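J.: Below are the sequence and a predicted model; questions follow.
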Amino acid sequence: MVWHPGDSLQVTDRWPEPAQLKRIGNCMIEFAPSGAYVEDWRLQPSVPGPLLGLQLLQEYDENSGQWSPRGGGLIICGDHAAQVLGRSAGVTAGAATLQELAANAVGDTKTLRALLDFETSVAAGSVADGYTVVHSTIPERRGQPLLEPGEFSWVQGSDELEHEFYHNGRRCLRRYAVDVIESQRSFSIKTPANQASENWFARESATLRRYAEVLA
């Protein structure tokens, strides 16, 4: 798995090492080659449903009538969804952390607003009924719809998607590059095993399954 730096609430890269990932059951274990860290990612059980991955490219400002670059993305996986909205104004990266930059900007509303102009929200729900934010870097977003009502459409002459919606009575447009679109996907939490592994597990199950039982 390879990815390139994207938008992040933090302004410094806390984990610059490339990672090695291994899928084990419903776990994705991420190892730093140096051993500096190990991360355990858990696949959340989800009903079969759509799989959508969009990379945010631009946002339209109705006041200025211009498109501006903006990073972020939108992910939908069955009954889970997430949205990232990068800062609308760039923040110069350096050695200082976000906490240090914010502390130095106390009393400077413009700078603080630019530093904190970032959202990561995780939501639950469905495409039919909508997704409600359950976790967010913006506390007041919890309990709100992840996306405001609107329409997605293909941008004519390209493979990009455009989302048109209204926020506080103002028309908004966002353009996305498509990473993946699947109308229906089954989200398995199992790891395939070969026949030799299955035979071994069956042979040793009297011992192995003792530690897999749920005790009252």
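T.: Received, thanks. Numbers count the residues shown, from 1 in each chain.

J.: So for residue 59, what's the pLDDT?
T.: Predicted confidence (pLDDT) for residue 59: 92.

J.: Residue 112: how many residues sit nearby?
T.: 14 (other CB atoms under 10 Å). C-beta coordinates here come from the backbone N, C-alpha and C atoms, glycine included.

J.: would you say it is within a strand?
T.: No. Counting by DSSP: H, G, I helix; E, B strand; the rest coil, residue 112 falls outside a strand, being helix.

J.: so how far is residue 92 from the closest residue to it other than its chain neighbours?
T.: Nearest non-adjacent residue to residue 112, counting by CB to CB, 6 or more residues apart in numbering: residue 105, 5.0 Å away. According to CB to CB, to the nearest Å, residue 105 stands 13 Å off from residue 92.

J.: longest helix of the chain?
T.: helix 195-208 (DSSP state H).

J.: show me the contacts for the most centrally placed residue in the chain.
T.: Centroid check for the chain by CA atoms, centre = their mean gives residue 82 as the closest residue, at 5.0 Å. Residues near residue 82 by CB atoms under 8 Å, 6 or more residues apart in numbering: 74-75, 120-123, 146.

J.: Against residue 176, how distant is it?
T.: 14 Å.

J.: what touches both of the two?
T.: Common neighbours of residue 82 and residue 176 (CB under 8 Å, 6+ apart) are residue 74.

J.: for the record, mean pLDDT for the single longest strand found in the chain?
T.: What stands out as the longest strand in the chain, according to DSSP state E, is strand 170-185. For strand 170-185, the mean per-residue pLDDT is 92.

J.: Tell me which stretches of this structure form strands.
T.: 20-24, 27-31, 38-42, 49-61, 66-69, 72-77, 80-85, 119-126, 130-136, 150-154, 160-167, 170-185.

J.: Redo the ones you listed as TSV? Include distance to residue 10.
T.: What follows is those, written out as TSV (distance: least, CB to CB, whole Å):
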stretch	distance to residue 10
strand 20-24	21
strand 27-31	17
strand 38-42	15
strand 49-61	18
strand 66-69	20
strand 72-77	15
strand 80-85	13
strand 119-126	11
strand 130-136	16
strand 150-154	30
strand 160-167	26
strand 170-185	22
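
J.: Looking at these, spot the one closest to residue 207.
T.: strand 20-24 (19.6 Å; CB to CB).

J.: counting contacts, what elements does the closest one pack onto?
T.: strand 27-31 (3 or more CB pairs under 8 Å, 6 or more residues apart in numbering; DSSP states H and E).
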